[in-house]
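S.K.: Whatever this is, show me its structure:
(2 chains)
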Amino acid sequence: MPRKPTNIIYSANEKPPAGTVLILGVQHATLALLFIVYPLVAAAEAGLSFDDTQLFITSCIIFMGIATLLECLPRPGAGMLLVQIPNMAHMPLAVQSLAAGGPALYAGMSLVAAISQLTLSRFMRALRAVFPPEVCGVAVTMLGVALADPALRRVFGISGAITPDLDLRYALVSSVTLVIIVGLAIFSRGMLRLFAVAIGAAIGWILAAYLGVAPEPNASFATLPYIDIPHLGWPGVSFFSWALIPAAIITGVLSAVDMVGTVVSMQRMDDADWRRADLDQAGRAIQANCLGDIGTAITGGFASASSSAAVGVAFATGTTAWRVGAVSGILIILAAFSPRLIGVLTIIPSPVIGAILIYAAAFLTVAGMELILSRRLSDRRIFTVGLAILTGLAVAILPGLVGLTPEWAQPILESPLSISTAVAIVLNLVFRIGIRQEASREVTTADNPFTVATEFLEYQGDLWGARRDVISMAIPVVAEGVEMLLDTGVAPGKLEVRAHFDEENFDVALLYEGEPITIPDHRPSPEDLLGDAHAVARFVGYMLSKRADRLVLGTDGTREKLTLRFEH
Amino acid sequence: MIHIDRIVEGAVVVTAVKGRLDSSSSPKLEEFLIDAAPSGTVLLDFAELTYISSAGLRVVLKATKLLRGAGGTLAVCGLIPQVHEVFDVSGFSSLIPIHPSREAALATLG
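M.R.: I've put the predicted structure just below:
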């Protein structure tokens, strides 16, 4: 059971009061439904008819809800608070395939993307080497950076090119909303904090209406029914465009990487002692997402994926309980039965949404940095992280460069998140070349044990990307072992320190020619420290057995072997 | 590697140790303690001690026995968590009085 961080009120498996679950579920569902603007834009870009657009949106909402519910349930889902939103990574694929072959082609390409994602999710455990914490950290940081553009455009009310007549009323609404959300998240307790996002959004909306920047509902809004049975379509499935299949596979892989980033940031938030990504849990979340995507594909809708903005809301409200997500999933499904409600959500002022996205972006950026710095960084890892982030920023700062690349590559290259994560994965794999998982060095009585242990273990820790706290804990214990063996003469003159790292354990073996030592079950008297070499060795051996996670005595050929294990 | 200061605070002789106390540095502390405080109340201020090995513990134990034999007292203060762990695991916590800070120790010992 993970240890709950102090800033979390209700962790993943906790059961908040029913009223709290409901209101938090409403907050998450509302935020998720705001993003239906993405499929609306895609439908408009592709020139879909009114009826096709209705089916496109309705299917998207229903399967967003179903996938949210599946992901949040402990089994078969991931048992964590994940809320689906329309998947931005699908935007280029949707626009291209809808324009080229209508809903049937997009359905086919969505299925290809979903199957690619599903296939990847089956190998998550094997992919552990591909997703070490610094690669996950790059993905999470860039999730935040990727939110910056849509967030800042909404904050400043920019829809196209930036013009000198910037309307500062938008920025004022955003600033007030953001200050309220951040202020409540930091300084308030209890109910106020739980509803930080809803309170901030409500006050922001009122201010936007007062300042005249809240959009007015159009004429057709009044004709929308409050309750109506949603209609799902069956557009058929077409795979005729071979040119789009690589883009579909890439979209599936990007969606999976995006999901891993969201899942890891939620895991990290929920566990004060977080050590590494639980990729099995991420795999289950991706599989639930794939089921949703398959459903939405065959019913003619737009695909969805876990929302990084929801991670920000979870942080602001201090609640990561899966039950909240499950309720929001049900509410999203119910929302499909109310065209009027969906209509209302489409008119929430954009600077209010901008403030919520800024909050989420700020959280994710720092959460990613924390992940990156949770491990010791060698030169190789520094460049893996630095170059990956710079590549993502290059795409964000100089988007014109992407237009020079082949069309099939543009979906992956135009997203800072995708390109950064891809570069991090590739550099991580390339830089692993030549790194052995075992290293050793000799220590003699002329060496200072502490200095040797520090230099050797820190160097290897950097190279292997070991956790800082594990290396810090190992150094004095290994130094003590070396000092005892050499000073007492149990290891006459010299010994070998051999370190081995396999992600789960950090083992340091001390190998020497000499007599074996024994480890007592009970603590010897401190007086033994003033005794002979054997008494001192027994005393120190006992201390080592208590300070390492495990101590194993054995032999290696003709040499004695004392192995200190530190769980990683 | 190691830096030792001696401060007299009323009836208490404070010995502040800075650095690492291992087999190469502990003879210096041992010599210092034997020369400077053969009796009375000695407080070892380990607030800036970053590492102690069994060789360092041995010196602390010898000094304790020496002082007790002469009717004196030895206490330690200001242990950082890593050093505190060594005192706990070795059983020294129940052998030697440990104070959270020099001020707290002087308030008790003075």
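S.K.: Please give the element, helix or strand, for the residue sitting nearest the centre point of chain A.
M.R.: The centre of chain A sits closest to A:G261, judged by CA atoms, centre = their mean, with a distance of 2.5 Å. Element membership for A:G261 (DSSP states H and E) is helix A:245-270.
S.K.: likewise A:W234?
M.R.: Element membership for A:W234, per DSSP H and E: none, as it lies in no helix or strand.
S.K.: Are there helices or strands packed against the helix holding A:G261, and which ones?
M.R.: If contacts are counted by 3 or more CB pairs under 8 Å, 6 or more residues apart in numbering or on different chains; DSSP states H and E, helix A:245-270 sits against helix A:91-121, helix A:133-155, helix A:279-298, strand A:304-306, helix A:308-317, helix A:350-372, helix A:410-413, helix A:416-431. Heads up, the C-betas are built off the backbone N, CA and C, glycines and all.
S.K.: Considering these, which stretch scores lowest in mean pLDDT?
M.R.: Ranked by mean pLDDT, the helices and strands packed on helix A:245-270 bottom out at helix A:410-413, which scores a mean of 74.
S.K.: Format the CA atom coordinates belonging to that one as PDB.
M.R.: In PDB, the C-alpha atoms belonging to helix A:410-413 read as follows (Å, rounded to 0.1, in the frame of the first residue of the first chain):
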ATOM      1  CA  GLN A 410       4.400  15.800 -39.300                       C
ATOM      2  CA  PRO A 411       2.000  14.300 -36.800                       C
ATOM      3  CA  ILE A 412       4.900  13.100 -34.600                       C
ATOM      4  CA  LEU A 413       7.100  16.100 -35.200                       C
END
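S.K.: Name the nearest residue to the most centrally placed residue in chain B, ignoring sequence neighbours.
M.R.: Central residue of chain B (CA atoms, centre = their mean): B:L44, 3.0 Å from the mean position. Using CB to CB, 6 or more residues apart in numbering or on different chains and skipping the chain neighbours, the partner closest in space to B:L44 is B:V76 (4.5 Å).
S.K.: could you give the angle of the host helix or strand of A:V385 to helix A:416-431?
M.R.: Following DSSP H and E, one finds A:V385 within helix A:379-397. Relative orientation of helix A:379-397 versus helix A:416-431 (axes from the mean of the first three to the mean of the last three CA atoms, to 10 degrees): 160 degrees.
S.K.: Next to chain A, which bits of chain B? Give me the list.
M.R.: B:20, B:22-24, B:51, B:53-55, B:57-58, B:61-62, B:82, B:85-86, B:89-92, B:95 (CB under 8 Å from any CB of the partner chain).
S.K.: Repeat the analysis, applying 7 Å as the threshold.
M.R.: Proximity of chain B to chain A, by CB under 7 Å from any CB of the partner chain, involves residues B:20, B:22-24, B:51, B:53-55, B:57-58, B:61-62, B:82, B:85, B:89-92, B:95.
S.K.: just for chain B, where's the confidence low?
M.R.: Scanning chain B for pLDDT under 70 picks out the ranges B:36-38.
S.K.: give me that answer again for 80
M.R.: B:1, B:35-39, B:110 (pLDDT under 80).
S.K.: As a check, name the ranges of all helices in it.
M.R.: Shown for chain B, the helices assigned by DSSP state H span residues B:26-36, B:54-69, B:81-90, B:102-109.
S.K.: would CSV of the ones you listed with mean neighbour count be doable?
M.R.: Below are these laid out as CSV (neighbours: other CB atoms under 10 Å in any protein chain shown):
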stretch, mean neighbour count
helix B:26-36, 16
helix B:54-69, 20
helix B:81-90, 18
helix B:102-109, 16
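S.K.: Compare the ones you listed and give me the one nearest A:L413.
M.R.: helix B:81-90 (48.2 Å; CB to CB).
S.K.: what does the longest strand anywhere in chain B contact?
M.R.: Determined from DSSP state E, the single longest strand within chain B is strand B:41-52. With contact meaning CB atoms under 7 Å, 6 or more residues apart in numbering or on different chains, strand B:41-52 is reached by A:450, A:476, B:11-22, B:60, B:63, B:67, B:72-80, B:83, B:86, B:102, B:105, B:109.
S.K.: do stretch A:307-321 as well
M.R.: With CB under 7 Å, 6+ apart, stretch A:307-321 has contacts from A:7-12, A:14, A:16, A:24, A:27-28, A:31-32, A:80-81, A:83-85, A:143, A:147, A:181, A:185, A:193-194, A:196-197, A:262, A:265-266, A:269-270, A:356-357, A:359-360, A:363-364.
S.K.: what does stretch A:174-194 give?
M.R.: For stretch A:174-194, contacts defined as CB under 7 Å, 6+ apart pick out A:20, A:24, A:155, A:196-197, A:199-201, A:203-204, A:207, A:316-319, A:351-352, A:354-355, A:358-359.
S.K.: Report how many residues lie close to A:Y359.
M.R.: As a burial measure, A:Y359 scores 25 neighbours (other CB atoms under 10 Å in any protein chain shown).
S.K.: Return the residues in contact with it.
M.R.: Counting by CB under 7 Å, 6+ apart, A:Y359 has contacts A:178, A:181-182, A:312, A:316.
S.K.: do you know how far it is from A:S307?
M.R.: 13 Å (CB to CB, to the nearest Å).
S.K.: Give me the average confidence score over stretch A:161-179.
M.R.: 91.
S.K.: State the number of residues packed around the residue lying closest to A:G295 once chain neighbours are set aside.
M.R.: Nearest non-adjacent residue to A:G295, counting by CB to CB, 6+ apart: A:F63, 4.6 Å away. Here the number of neighbours of A:F63 (other CB under 10 Å) works out to 30.
S.K.: what do you get for A:R498?
M.R.: Neighbours of A:R498 (other CB under 10 Å): 17.
S.K.: where does it land in three-state SS?
M.R.: strand (DSSP: H, G, I helix; E, B strand; the rest coil).
S.K.: Now the closest residue in space to it that isn't next to it in sequence: which helix or strand?
M.R.: For A:R498, ignoring the flanking residues on the chain, the nearest one in space by CB to CB, 6+ apart is A:S440 at 3.9 Å. According to DSSP H and E, A:S440 maps onto strand A:438-444.
S.K.: re earlier: residue contacts, the residue nearest to A:G295?
M.R.: A:292, A:295-296, A:301, A:304 are the contacts of A:F63 under CB under 7 Å, 6+ apart.
S.K.: Residues of chain A that sit close to chain B?
M.R.: Going by CB under 7 Å from any CB, the residues of chain A near chain B are A:448-450, A:476, A:479-480, A:483-484, A:487, A:523, A:526, A:529-530, A:536, A:539-540, A:543, A:546-547.
S.K.: Tell me which of these fall in helices.
M.R.: Going by DSSP H, the helices hold A:449-450, A:476, A:479-480, A:483-484, A:487, A:536, A:539-540, A:543, A:546-547 from the residues of chain A next to chain B.
S.K.: Residue of the stretch 201-350 of chain A closest to chain B, please.
M.R.: In the stretch 201-350 of chain A, the residue that lies nearest chain B is A:D273 (16.4 Å; CB to the nearest CB).
S.K.: Fine, thanks again, bye for now.
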